[in-house]
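*Asks:* need a structure here:
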Amino acid sequence: MQKTIVIISTLDTKGREAAFLKGFIQERGHRAILLDTNTGGEASILPDISADEVAKAGGGDIEEIRKMKDTARVYSIMIEGAIKKVKSLLDKGDLDGIISFGGASNTAIGTTIMKSLPFGIAKVMLSTTVAIPAYAAGYFGTKDIAIIHSVVDIAGLNSLVKDLLKRAGGAICGMVEVGRELSSLSEMTHKKDLIALTEFKFAEECCSHVRHLLEERGFEVIPFHAQGTGDKAMEELIGDGLFQGVMDIVPAGVAEQLFGGNRAAGPNRLESAGGKGIPQLITPCGFDMLSCGPLERGDQGDPLWISRGIKNRKLFVPDAFRVQARTTPQELKETAREVARKLNRSKGPIAMLIPLKGWSSLDKEGMPLYDPEADQVFVDELKIHLEKKIHLIELNLHLNTHEFAEEGVSQFIKLYNENKNRKLKDLQ
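*Replies:* Predicted coordinates:
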């Protein structure tokens with residue numbers, strides 16, 4: 001079955017390469033739409049969507065844009081126009097995949113356009129600059145973009161560039177072809193309610209049991225690694241209406257955001273589910289630590305290490321790169337206030353379960369970050385600020401036990417049924 005793939009390129013300088021890629025995709029039996037984002041001059045080959053059309057969609061005029069010295073403004077207009085064009089194709093059911101190639105500018109433009117598209121639309125970026133550490137994470141952000149490091153510059157049609165373009169073209173074709181199979185799978189999975197689950201290494205036992213218990217009850221569980229980007233992506237997908245509930249075992253990104261940790265998950269962490277009114281089960285797992293590696297930051301006078309006195313804390317250092325520092329009572333007070341502020345605005349049912357014998361595998365008697373007195377400061381502060389509509393349940397258990405996981409799932413099911421019954425009443 002023929003699929004539609006959009007190729008994003010600058011056809012004043014990359015026309016030959018774009019034509020080669022378009023021809024390859026068409027040989028594979030798919031429709032290729034060539035969209036030109038160039039602002040340098042006339043296109044060297046005929047596009048399907050011209051730079052002039054893109055500029056107009058972005059609220060500009062291509063001739064005027066080419067005279068502008070404000071590069072940021074130029075890119076903004078072209079990106080906005082291109083996004084409108086590809087979203088128009090998407091709305092008409094005429095977009096199955098999108099691909100781009102090039103250096104820093106083309107990678108930034110291409111991936112920004114890709115990030116505007118929903119999860120599941122195939123996205124491939126062939127880039128010469130993806131290996132630059134400062135750029136890489138920004139290119140794909142929280143989106144399902146496949147990035148291929150080109151190694152060589154994509155300039156001209158030498159044998160290596162042809163090989164790269166064929167492999168990138170093969171990747172996007174393969175993705176859209178598999179999409180046909182996935183669409184039927186999607187119809188099957190949507191017969192089950194989707195539940196988001198946050199997890200990380202220090203909650204493995206709890207999360208594994210939670211996932212198993214929910215699946216036994218007929219839910220489909222979608223896990224997210226709470227390392228900052230994963231839980232940020234979860235928030236976006238909750239906002240898109242994908243999930244019917246959240247088991248937020250590891251909301252650590254809230255505290256990491258407050259104090260500058262490596263797993264910061266953005267200012268909107270712990271807000272989307274409340275805005276959607278879907279049930280949430282939350283634990284304090286991860287609030288017991290701050291991710292602050294690598295170890296060399298301490299020797300280099302890193303501001304986080306200095307301002308928060310990391311060297312003087314209890315630390316867990318499995319290797320030089322990964323460092324977890326115990327959070328202080330004052331930080332836990334601030335975290336409790338921020339958690340309460342976010343949860344109090346929720347439109348849906350919430351339960352927060354507190355495991356009194358420790359919040360993670362590191363916060364357990366005999367382990368490096370065990371500090372029950374500091375944990376209690378969080379609980380006491382939460383009780384002051386949390387509204388009564390939110391269930392706060394203390395359990396004389398450690399988080400990484402089957403008993404805690406079972407109680408968490410039991411409480412979640414209560415919230416889920418409560419929310420379902422409320423919706424049914426609203427419909428009557």
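
*Asks:* can you give me the pLDDT of the residue nearest in space to the middle of the chain?
*Replies:* In the chain, the residue lying closest to the centroid (Cα atoms, centre = their mean) is A233, at 2.3 Å. Turning to A233, the model gives it a pLDDT of 90.

*Asks:* for it, which residues are in contact?
*Replies:* Contacts for A233 (Cβ atoms under 8 Å, 6 or more residues apart in numbering) come out as T142, K143, F224. To be clear about C-beta, it is placed using only N, CA and C from the backbone, and glycine gets the same treatment.

*Asks:* for this protein, which helix or strand comes out least confident on mean pLDDT?
*Replies:* Across the helices and strands of the chain, mean pLDDT, DSSP states H and E gives its lowest value to helix 133-140, namely a mean of 73.

*Asks:* in that helix, what counts as buried?
*Replies:* The neighbour-count check on helix 133-140 (16 or more other Cβ atoms under 10 Å) flags Y139, F140 as buried.

*Asks:* what does that helix contact?
*Replies:* A104, T107, A108, T111, K115, M125, S127, T129, V130, I145, I147, T229.

*Asks:* determine which two of those are furthest apart.
*Replies:* The distance between the two most remote of the contacts of helix 133-140 (Cβ to Cβ) is 21.3 Å, for A104 and T229.

*Asks:* ok, and the closest non-adjacent residue to V339?
*Replies:* Distances taken as Cβ to Cβ, 6 or more residues apart in numbering place V254 nearest to V339, at 6.1 Å, with adjacent residues excluded.

*Asks:* am I right that that neighbour is in contact with A340?
*Replies:* No: the pair V254 / A340 is not scored as a contact, 10.9 Å apart, by Cβ atoms under 8 Å.

*Asks:* what segments of the stretch 1-150 of the chain are strands?
*Replies:* 4-9, 31-36, 97-102, 122-127, 146-149 (DSSP state E, counting those that start in this stretch).

*Asks:* now the helices for the stretch 201-350 of the chain?
*Replies:* 204-216, 229-239, 253-259, 272-276, 296-299, 303-307, 329-344 (DSSP state H, counting those that start in this stretch).

*Asks:* so which of those helices comes closest to L397?
*Replies:* Per Cβ to Cβ, nearest to L397 of those: helix 204-216, 10.0 Å.

*Asks:* quick one: list the elements packing against that closest one.
*Replies:* Where contact means 3 or more Cβ pairs under 8 Å, 6 or more residues apart in numbering; DSSP states H and E, helix 204-216 is packed against strand 194-199, strand 220-225, helix 402-427.

*Asks:* of these, which is nearest F259?
*Replies:* strand 194-199 (18.6 Å).

*Asks:* spatially nearest residue to K314 (excluding sequence neighbours)?
*Replies:* Closest to K314 by Cβ to Cβ, 6+ apart is R326, at 4.0 Å.

*Asks:* er, P368 actually
*Replies:* Leaving aside its sequence neighbours, P368 sits nearest to F316 (Cβ to Cβ, 6+ apart; 4.4 Å).

*Asks:* burial count for the one you found?
*Replies:* 18 (other Cβ atoms under 10 Å).

*Asks:* L382 too?
*Replies:* For L382, the neighbour count with other Cβ under 10 Å is 22.

*Asks:* just want the angle from the least confident helix or strand of the chain to strand 122-127.
*Replies:* If you take axes from the mean of the first three to the mean of the last three Cα atoms, to 10 degrees, helix 133-140 sits at 160 degrees to strand 122-127.

*Asks:* relative to the whole chain's centre, how far out is helix 133-140?
*Replies:* In terms of Cα atoms, centre = their mean, to the nearest Å, the centre of helix 133-140 is found 13 Å from the chain centre.

*Asks:* quick one, domains of this structure?
*Replies:* 4-185, 192-427 (automatic domain parsing).

*Asks:* quickly, which of those domains bottoms out on average pLDDT?
*Replies:* Ranked by mean pLDDT, the domains of the chain end with domain 4-185 in last place, scoring a mean of 90.

*Asks:* that older thread, orientation of the least confident helix or strand of the chain relative to helix 229-239 in degrees?
*Replies:* 20 degrees.

*Asks:* let's have the helices and strands packed on helix 204-216 in a markdown table, adding mean neighbour count and distance to Q280.
*Replies:* Shown next, in a markdown table, are the helices and strands packed on helix 204-216 (neighbours: other Cβ atoms under 10 Å; distance: least, Cβ to Cβ, whole Å):
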| stretch | mean neighbour count | distance to Q280 |
| --- | --- | --- |
| strand 194-199 | 23 | 9 |
| strand 220-225 | 17 | 14 |
| helix 402-427 | 16 | 7 |
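
*Asks:* now tabulate those in CSV and tack on distance to S272.
*Replies:* Converted to CSV, these look like this (distance: least, Cβ to Cβ, whole Å):
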stretch, distance to S272
strand 194-199, 9
strand 220-225, 12
helix 402-427, 15
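
*Asks:* which one, of these, ends up nearest to L34?
*Replies:* Proximity to L34 (Cβ to Cβ) singles out strand 220-225 among those, at 35.0 Å.

*Asks:* just how off-centre is that closest one within its chain?
*Replies:* The chain centre lies 12 Å from the centre of strand 220-225; the measure is Cα atoms, centre = their mean.

*Asks:* now do stretch 272-291
*Replies:* Distance, centroid of stretch 272-291 to centroid of chain: 15 Å (Cα atoms, centre = their mean).

*Asks:* now swap in stretch 266-274 and tell me
*Replies:* In terms of Cα atoms, centre = their mean, the centre of stretch 266-274 is found 12 Å from the chain centre.
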